[in-house]
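J.: No sequence on hand, only this structure:
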């Protein structure tokens with residue numbers, strides 16, 4: 001039986017009626033990436049005595065997750081799923097060979113690779129939900145998604161040389177205008193992206209120099225979030 005996470009208390013009644021028609025072998029809860037938390041589905045499971053098999057957290061076929069009781073309850077309570085987030089990151093790192101880029105200097109080229117890898121993690125709302133930030137306004141999430149799409153369009157309009165050396169763009173208004181025209185964005189959008197990229201570059205350099213913080217982050221990632229207290233969170 002498939003139940004949407006946003007139908008609420010009627011899930012229990014639906015489960016009872018479905019059970020009178022056919023013997024249930026399992027339940028799939030969809031739309032867990034939406035505003036619904038999925039609490040009603042627990043009453044449906046109780047009514048039918050069937051187990052939850054999968055939960056859907058997106059619109060694609062690979063957006064189904066094997067049901068995990070602790071993570072499901074964590075979602076209901078708005079708690080972060082650090083372990084799940086770390087697992088996703090590790091899987092994508094292997095697929096995209098992102099680990100090889102860790103010691104490299106940040107360029108628009110490898111930022112683009114990271115951007116594509118981030119898209120593989122699913123909708124921004126899902127990722128933030130795993131961090132315990134599922135209550136962010138929808139318009140804020142939409143703005144974030146739109147910004148990522150703009151960045152991708154801009155980078156696709158850059159030459160290989162510009163991706164490797166952002167200073168070529170900063171020194172040339174004609175290059176900025178060309179990228180803006182090719183991506184359907186304004187010149188100001190391109191300049192804003194370059195400013196954001198420059199901030200990221202500075203943060204990366206600070207991170208590399210701060211060995212103490214790096215060790216804490218490595219411990220945090222390996223421990224599936226156990227090092228949150230050490231990071232002051």
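T.: Nice, thanks for sending it over. Note that the structure is predicted; figures quoted are calculated from it, not measured. Residues are numbered from 1 along each chain as shown.
J.: From residue 53, how far off is residue 26?
T.: 4 Å (Cβ to Cβ, to the nearest Å). Bear in mind the C-beta positions are built from the backbone N, C-alpha and C, glycine included.
J.: wait, I meant residue 30
T.: 12 Å.
J.: Looking at the two, which one has more neighbours?
T.: It is residue 30, of residue 30 and residue 53, that has more neighbours when counted by other Cβ atoms under 10 Å, with 22 against 14.
J.: Name whatever forms a beta bridge with the nearest residue to the more buried one once chain neighbours are set aside.
T.: Leaving aside its sequence neighbours, residue 30 sits nearest to residue 56 (Cβ to Cβ, 6 or more residues apart in numbering; 3.8 Å). Counting by DSSP bridges, residue 56 is bridged to residue 64.
J.: Would you check how far apart residue 56 and residue 184 are?
T.: For residue 56 relative to residue 184 (Cβ to Cβ), the value is 32 Å.
J.: the more surrounded of these two?
T.: Legend: neighbour count by other Cβ under 10 Å for residue 56 and residue 184, higher for residue 56 (20 against 11).
J.: so how far is residue 192 from the more buried one?
T.: 35 Å.
J.: ok so, going back, ok, the residue nearest to residue 30 to residue 17 distance?
T.: 22 Å.
J.: for residue 120, same thing?
T.: 38 Å.
J.: swap in residue 203?
T.: From residue 203 to residue 17 the distance is 54 Å (Cβ to Cβ).
J.: What about residue 204, how many residues nearby?
T.: 13.
J.: quick one: contacts of the strand or helix carrying it?
T.: Following DSSP states H and E, one finds residue 204 within helix 187-209. Applying Cβ atoms under 8 Å, 6 or more residues apart in numbering, the contact partners of helix 187-209 are 106, 108, 111, 150-151, 154, 166, 169-170, 173, 176-177, 179-180, 183, 213-214.
J.: Quick check on those: which are buried?
T.: 106, 108, 111, 150, 151, 154, 166, 169, 176, 179, 180, 183 (16 or more other Cβ atoms under 10 Å).
J.: Most widely separated two among those residues?
T.: 106 and 180 (22.5 Å; Cβ to Cβ).
J.: Please report how far the residue nearest to residue 30 lies from residue 66.
T.: From residue 56 over to residue 66 (counting by Cβ to Cβ), the distance is 12 Å.
J.: and what of residue 195?
T.: Residue 195 is 42 Å from residue 66, by Cβ to Cβ.
J.: Nothing else from me, thank you.
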